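Trainee: How does the following fold in three dimensions:
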Amino acid sequence: MINHHDFMLEGGRVGILLIHGLTGTPTEMRGVGREFNRAGYTVYGMQLAGHCGDDEDLIATTWKDWYQSVIEAAEKLRRQVDYLFVGGLSMGAVLALKYASDYPSQVQGVLVYGATFRMDGWTVPTFSRLIAPWFLTLVDILHIGRHRVFNEAPPYGIRNEQLRRKISQSMLGGDSGAAGLPGNPWPSLSQLVYLTRNVRHSLPNVVAPCLILHAENDDIAHHRNGELVRDNVSGPVEMVLLKNSYHMITIDNDRRELVSRSITFVRQHIPPSQPFTQAVVEQTMPAQPFAQAVVEQTTPVVAMLTDLNTPIHHA
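Mentor: Now for the predicted structure:
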């Protein structure tokens, strides 16, 4: 059964739509979303169709269903704001780029976090990198492997060992709403292949400014993925490699740098007439310790994912 974990944080007239990754959860975007809201922005952490349930819930959906979720979430947020930024992690970044290419006049900027067009990070065997796109296409054409899963393995995209332990316990314990599914169903990976092929061809249609943040040592998606975006979009681009994180950069060791660079990027691309709206935020979210302000969910994993003040123990 699918549980709903999306969140809306009301702020000013600048909105930021945050999109999680494949088999992921809005929780992986909640911490950065809270910081964006503290900076004065209205933030919507959406939930993709088929996510936050079990494998069967996910494989019942296609990439077009996931993208339709993005379109509907963007429309919901646009009704509350004057300027819209779209951002995502991993597959969420690919979906954000898809939206920016299809609706160029509606997007003020794109936050591209760990974009994943190919799973070619250092934990992915060379053989798998080479055959995966063709194999997964056959999986879909021949309707095989419906109940097969590529299981996640350490380090699970997380360099921070303390956080990695907590997330793996929750993920392997079946709490998909807090930490996502423990593996990627073959049919869903096939849909990811179709999505990335579509978006790769439409990257030149992205004219909005892009901030590309990618882990230098990404274990899931090599930073070539970020360079693919940088070299093919038509708008201005800033790309930064983060030094002390793996794939899940919205929750890993460099999350403060990610937040700081993202807020600077948003401010740079807001029209000068748009006032800073900190006062609005203070009215809707009283000052309090970050983890306490998150929402009603208070599991240890959710608290860690949403608390930028959690001590970092570097790997």
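
Trainee: doesn't residue 2 make contact with residue 57?
Mentor: Yes. Using C-beta atoms under 8 Å as the test, residue 57 is close enough to residue 2 to be in contact (5.3 Å). From N, CA and C alone the C-beta is placed, and that goes for glycine too.

Trainee: Overlap of the contact sets of these two?
Mentor: Listed contacts common to residue 57 and residue 2 are 50-51; contacts here mean C-beta atoms under 8 Å, 6 or more residues apart in numbering.

Trainee: Can you list the residue ranges for strands in the stretch 51-200 of the chain?
Mentor: Assignment of strands within the stretch 51-200 of the chain using DSSP state E, counting those that start in this stretch yields the ranges 83-89, 109-113, 149-151, 183-185.

Trainee: Who are the packing partners of the last one?
Mentor: Going back to what we said before, that points to strand 183-185. Based on contacts counted as 3 or more C-beta pairs under 8 Å, 6 or more residues apart in numbering; DSSP states H and E, the elements that strand 183-185 packs against are helix 55-59, strand 149-151.

Trainee: strand partners of that strand, parallel vs antiparallel please.
Mentor: strand 149-151 (antiparallel) (DSSP bridges).

Trainee: roughly how far out does the partner strand sit from the chain middle?
Mentor: Strand 149-151 has its C-alpha centroid displaced from the chain centroid by 20 Å (C-alpha atoms, centre = their mean, to the nearest Å).

Trainee: And for stretch 197-215?
Mentor: For stretch 197-215 - counting by C-alpha atoms, centre = their mean - the centre lies 14 Å from the chain centre.

Trainee: Same check on stretch 23-31?
Mentor: Centroid displacement of stretch 23-31 relative to its chain, using C-alpha atoms, centre = their mean, is 7 Å.

Trainee: likewise stretch 86-93?
Mentor: Taking the mean C-alpha point of stretch 86-93 and that of its whole chain, the gap between them comes to 4 Å (C-alpha atoms, centre = their mean).

Trainee: Could you pull up the mean pLDDT of it?
Mentor: When the per-residue pLDDT values of stretch 86-93 are averaged, the result is 98.

Trainee: Give me the contacts around that stretch.
Mentor: Taking C-beta under 8 Å, 6+ apart as the criterion, the residues outside stretch 86-93 that touch it are 16-22, 24, 28-29, 48, 66, 70, 74, 94-96, 99-100, 107, 109-116, 192, 195, 220-221, 247-250, 262.
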